[in-house]
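Engineer: With the input below, show me the fold.
(2 chains)
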Amino acid sequence: MEKRIDIQKMELNKVVGAALLAIAEQDKNFMLLAADVEKRIFIDSLLEKYPHQFLDVGIAEENLIGVASGLAHESFNTFAVSYAPFITARVLDDIKVNLSYMKAPVKLLGLASGLTSGDLGATHTCLEDIAQMRTLPYMTVISPSDNQTAYKAILSASKINTPVYIRFIGTGMMPEIYTQEIDYEIGKGICVREGTDIGIVSSGPVLKNVLDAASLLSEEKISCKVIDMHTIKPLDVSKIEELKGCRAIVSVEEHTVFGGLGSAIAEYISDKKDYPPLYRIGTNDEYFVADLREHNLKRAQLDTESIFKFIKRL
Amino acid sequence: MKRSEEKYFTICSNMKKDILDLCHRSGKGKAHLGGCMSLVEILAVLYTDIMYLGAYNDVDAKRDRLILSKGHGALALYAALRQAGKITEQEMQLPVRGEKTFLYRHPKMNLRKGIEVSSGSLGLGLPYGVGIAYALKKKYAVATPKVFVILGDGECNEGAVWEAAALAASLNLENLTVIVDKNNLQLDGSTKDIVDMRNLSEKWQSFGFYTLNVDGHSCEKLAAAFHKKSTLPKAVIADTVKGKGISFAENRVEWHDNYLSDTLYEIAQRDIEGIYNGKKD
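Structural biologist: This is a model prediction of the structure:
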């Protein structure tokens, strides 16, 4: 991927725009729909070169889902983008009927998920989208941790014929997780750090805090194996099975502890022997005061220091 | 294609018999008799006069599509598909529930049978229909296949309907026709009493639709309305009667869905016979 250096140096929202342009260049059946948010993903080039492959439906998210589904069933490779809460919770029945029950292979992109835009208040945070999307049959749910995986997740999604939801956290410059080119595959978790004592499973950019905490823990002679579980549905259970020998498994997500990645792991191991206890770190059934993401991550105990302290005490 | 009164008579008569049979076989699971009877003529005209459907069991990419957004009219839809040759006589005898059938009380998408959407969650059919109409315009600039979306008037309470209506006009989807089965009732009572939508026709007009008001039980008038050319998306507001032709169900709220017992089935069968003979019981 000759664009890799560029992707790494871009703001996340520009990465999304670049990935969508890349699809448009190769696929004349690609269609992008937005609910009045296209300015946020920097698709000027796409709009200029392929204006007929874009449609703004206005601030009408139910219509966004329905229209996208009609296009998808007429063989258009259809992506729909809005802010995460408005393309999930707000339109859950529309997604259930169109994408899940009728199997319309629409790719939903949820921007500014997690605590990204918490500075604007709780209506602009999204801490429940993984849980909601996970309950829908045939839905794939992805939470990429950095620019490279975000870019590749979008491209990979465009190649499968089933509905997908991708949540993006952060809009500006996000930390780099993968400094080398990696093989990305939907549904295949990635071991980003080998270790033996504690198995940590995470997704999204909070993975950076996890890796930093793992470094600190290694100084305390606690060896952590860290998995980037970018695809929460379908869960890569082979990676969970690799953690049987640890004395604890810890899940870390920028999402409520009810129903997200941690819950998916809990569901998997609950009827099986030979697994250590699972500790789920996430937001605790709460909303946060309007504040910058870094401050709310601290309130949610998802910052490096809190993760380090939590695991050290295990 | 102009059809004679007698031809339509036979088509509608057959449809009513099939609807009653399916309702009866639904048993205590209840069936949406009221809302199916108000749709008979609308579906008869569309499926036997207006729409190109392709051959039996075939999914023709250039077919016209009908989206029954008012999903509880499913039994009427199957009756019309039978008249159009997309469902066979044998298939009409399939059960109304379970694995060995597709004749459910809310349609499950089945393109080979001409069932375009899995409807039942009101308000979702028009957004989907707008997507289909828009896609078809992109694919076929000439002889663009048509999309017909049937809504209930109660269904017009749903916001998603108006989101889609606004976009349809904004996109100039002249291959889209909305039909409102305006039978003036919904689940809890008359539409006027639940939410008074005032002049529904004016609302569609103001949203940018070429709007026509039509007697929803006159096949001739419906056909004329559907044949009218328009450069705008079209809205056909069909004045109908919920439970039309059934003595105990006409304009009765409780027949939104109810149990068609053996006794009531017999009465209903005589009701529809009665009208055909030109006399009323």
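
Engineer: interface residues of chain A facing chain B?
Structural biologist: Within chain A, the residues that sit near chain B (C-beta under 8 Å from any C-beta of the partner chain) are A:52, A:55, A:57-58, A:60, A:62-63, A:65-74, A:76, A:93-94, A:97-98, A:101-102. Backbone N, C-alpha and C define where each C-beta goes, glycine included.

Engineer: Which members of those residues are classed as buried?
Structural biologist: A:55, A:57, A:60, A:62-63, A:65-74, A:76, A:94, A:97-98, A:101-102 (16 or more other C-beta atoms under 10 Å in any protein chain shown).

Engineer: Tell me which of the residues of chain A next to chain B fall in strands.
Structural biologist: The strands in this structure, assigned by DSSP state E, contain residue A:55 from the residues of chain A next to chain B.

Engineer: any idea which element residue A:252 lies in?
Structural biologist: strand A:248-256 (DSSP states H and E).

Engineer: could you pull out the strands for chain B?
Structural biologist: B:65-68, B:147-152, B:176-182, B:185-186, B:189-190, B:210-215, B:234-239.

Engineer: could the ones you listed go into TSV alongside mean neighbour count?
Structural biologist: TSV is the format used below for the strands of chain B (neighbours: other C-beta atoms under 10 Å in any protein chain shown):
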stretch	mean neighbour count
strand B:65-68	27
strand B:147-152	28
strand B:176-182	28
strand B:185-186	24
strand B:189-190	13
strand B:210-215	19
strand B:234-239	24
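
Engineer: after the helix or strand of chain A with the lowest mean pLDDT, next one along is what?
Structural biologist: Scoring the helices and strands of chain A by mean pLDDT, DSSP states H and E places helix A:4-8 at the bottom, with a mean of 73. Sequence-wise, the next helix or strand downstream of helix A:4-8 (DSSP H and E) is helix A:12-26.

Engineer: Now that next one: buried residues?
Structural biologist: Within helix A:12-26, the residues scored as buried using 16+ other C-beta under 10 Å are A:12-24.

Engineer: what do you get for stretch A:223-243?
Structural biologist: Under the neighbour-count rule (16+ other C-beta under 10 Å), stretch A:223-243 has A:224-233, A:235-236, A:239-240, A:243 buried.

Engineer: Likewise for stretch B:129-141?
Structural biologist: Within stretch B:129-141, the residues that count as buried by 16+ other C-beta under 10 Å are B:129, B:130, B:131, B:132, B:133, B:134, B:135, B:136, B:137, B:138.

Engineer: Closest one to residue A:276 out of these, please.
Structural biologist: residue B:131 (48.2 Å; C-beta to C-beta).

Engineer: Chain neighbours aside, what residue packs nearest to that closest one?
Structural biologist: residue A:70 (2.1 Å; C-beta to C-beta, 6 or more residues apart in numbering or on different chains).

Engineer: Now do the contacts for the one you found.
Structural biologist: A:104, B:127, B:128, B:129, B:130, B:131, B:132, B:133, B:134, B:135 (C-beta atoms under 8 Å, 6 or more residues apart in numbering or on different chains).

Engineer: What of residue A:150?
Structural biologist: A:12, A:15, A:16, A:19, A:144, A:166, A:168.

Engineer: Please tell me how far the second one sits from residue B:197.
Structural biologist: For residue A:15, the distance to residue B:197 under the criterion C-beta to C-beta, to the nearest Å works out to 46 Å.

Engineer: By mean pLDDT, flag the weakest helix or strand of chain B.
Structural biologist: helix B:262-276 (a mean of 89).

Engineer: re earlier: tabulate the strands of chain B (CSV), appending mean pLDDT and distance to chain A.
Structural biologist: As requested, these are exported to CSV (pLDDT from 0 to 100; distance: least, C-beta to the nearest C-beta, whole Å):
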stretch, mean pLDDT, distance to chain A
strand B:65-68, 98, 9
strand B:147-152, 98, 9
strand B:176-182, 98, 11
strand B:185-186, 92, 19
strand B:189-190, 93, 24
strand B:210-215, 98, 20
strand B:234-239, 98, 17
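
Engineer: Tabulate those strands in a markdown table, adding columns for distance to residue A:194.
Structural biologist: Shown next, in a markdown table, are those (distance: least, C-beta to C-beta, whole Å):
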| stretch | distance to residue A:194 |
| --- | --- |
| strand B:65-68 | 54 |
| strand B:147-152 | 56 |
| strand B:176-182 | 58 |
| strand B:185-186 | 62 |
| strand B:189-190 | 67 |
| strand B:210-215 | 67 |
| strand B:234-239 | 64 |
